[in-house]
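S.K.: just the structure for this:
(one chain, ligands or ions: 1)
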Amino acid sequence: MKTADKEWFKRLWVEMNDRQAAVWDRHIVPAIGAIRGRLIELVDLKPGERVLDVGTGTGAVAFDAARKVGADGRVAGIDTSPRMLKRAREKAAKSGLKSVEFRKMNSSSLDWPDESFDAVISCLGQPEAPWDVRPACAEWHRILVPGGRLAICTEAEDPFPAQFQEVFARYKVRTPSRKLAERRRLSSGVSREADRIPGARLLEDAGFVDVRRSVESFQVFIPARAQLELLLTWGLDYEEYSELAPSVRHRFRTEASEAIRPFETVKGVMNFASACKAGN
Ligand SMILES: C[S@@+](CC[C@H](N)C(=O)[O-])C[C@H]1O[C@@H](n2cnc3c(N)ncnc32)[C@H](O)[C@@H]1O
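M.R.: Model prediction:
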């Protein structure tokens, strides 16, 4: 992909996460507590440890980690989305937790010296830009102390009902504007890049040892209107939706909500991976 296209994708990524900050915090954070719990269990935090939460969003995992490491520990949550971070900081101020800080930073380029953390965690917060994935793994390894631990989770399957995409396909814009045509072209370029990343060995290639993986399922309740909001504020769907005429949008929303309603309780199938940096 051309450098200019990559820069475009990075900006788009921030915009998309900014658009989702409110619905994520209100509906998804409360729905995925069990997934966060499993992640925290895997990384086995101890009082006094220093923890990095990658793609912290509105800070939910960082707060769970801060409670584990206690007042003598430190937790840093990083994210590229200003709106997610704004919510995280507001919640930190309300919680009174002093050991947690939030910083705007890309996980593929971390602003800390080598061996600054005892643990790295990430709940659905890894970089999505395919060209950032390898540098991010290398950065997590670099900033861990020898013997430091990593635990991450990603979606194994798209949790949202395919029925939504069927409705969307019927409403797909037939004569797109130049902007939408360009977005379609760029999005398919990003998908092709992503296909080239060999997922399974990324952590080993970055130098991690004792890599363990598991696939686990969770029942997650997400109200239909929140699912619709998530789907319509994301990626190419957002661009397509924005080009529907207002009267068509209304019909589309009604149809899509009805298609989603039977799937408010979704099966969240998650990939977990834990690993260590070699050393003590
Ligand atoms: C699906 S949300 C997960 C938020 C949070 N971990 C949680 O469990 O509630 C993913 C977050 O990762 C952030 N993110 C994506 N790519 C990133 C990157 N390269 N560096 C830092 N944050 C990133 C997004 O901005 C978004 O806030």
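S.K.: wouldn't A138 be in contact with A206 here?
M.R.: Yes: with contacts counted by Cβ atoms under 8 Å, A138 reaches A206, the gap being 5.0 Å. Heads up, the C-betas are built off the backbone N, CA and C, glycines and all.
S.K.: these two: which is more packed in?
M.R.: Shown here are A138 and A206; by other Cβ atoms under 10 Å, A206 has more neighbours (21 against 16).
S.K.: now that one: closest residue in space that isn't a chain neighbour?
M.R.: C137 (3.7 Å; Cβ to Cβ, 6 or more residues apart in numbering).
S.K.: need the next SSE after the host helix or strand of that neighbour, C-terminal direction.
M.R.: For C137, the host element (DSSP states H and E) is helix 130-143. As assigned by DSSP H and E, the chain's next helix or strand after helix 130-143 is strand 144-155.
S.K.: partners of that next one, with directions?
M.R.: strand 117-123 (parallel), strand 265-277 (antiparallel) (DSSP bridges).
S.K.: interface residues of the protein facing the ligand?
M.R.: Contact residues (Cβ under 6 Å from any ligand atom) of the chain with the ligand: 17, 29, 55-57, 60-61, 78-81, 84, 106-108, 123-125, 127-128, 132.
S.K.: and if we set it to 5 Å?
M.R.: Residues of the chain that fall close to the ligand, judged by Cβ under 5 Å from any ligand atom: 17, 55, 57, 60, 79-81, 84, 106-107, 123-125, 127.
S.K.: returning to what we had before: deepest in the core, which of the strands paired with strand 144-155 is it.
M.R.: strand 117-123 (a mean of 25; mean count of other Cβ atoms under 10 Å).
S.K.: where are the low-confidence patches of the stretch 151-280 of the chain?
M.R.: Applying pLDDT under 70 to the stretch 151-280 of the chain flags the ranges 193-199, 280.
S.K.: residue boundaries of the helices in it?
M.R.: When assigned using DSSP state H, counting those that start in this stretch, the helices of the stretch 151-280 of the chain occupy the ranges 162-171, 178-195, 202-205, 224-232, 235-242, 246-260.
S.K.: any chance of the ones you listed in TSV, plus mean neighbour count?
M.R.: Listed next are the helices of the stretch 151-280 of the chain as TSV, based on neighbours: other Cβ atoms under 10 Å:
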stretch	mean neighbour count
helix 162-171	14
helix 178-195	14
helix 202-205	16
helix 224-232	19
helix 235-242	17
helix 246-260	15
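S.K.: nice, that's everything, thank you.
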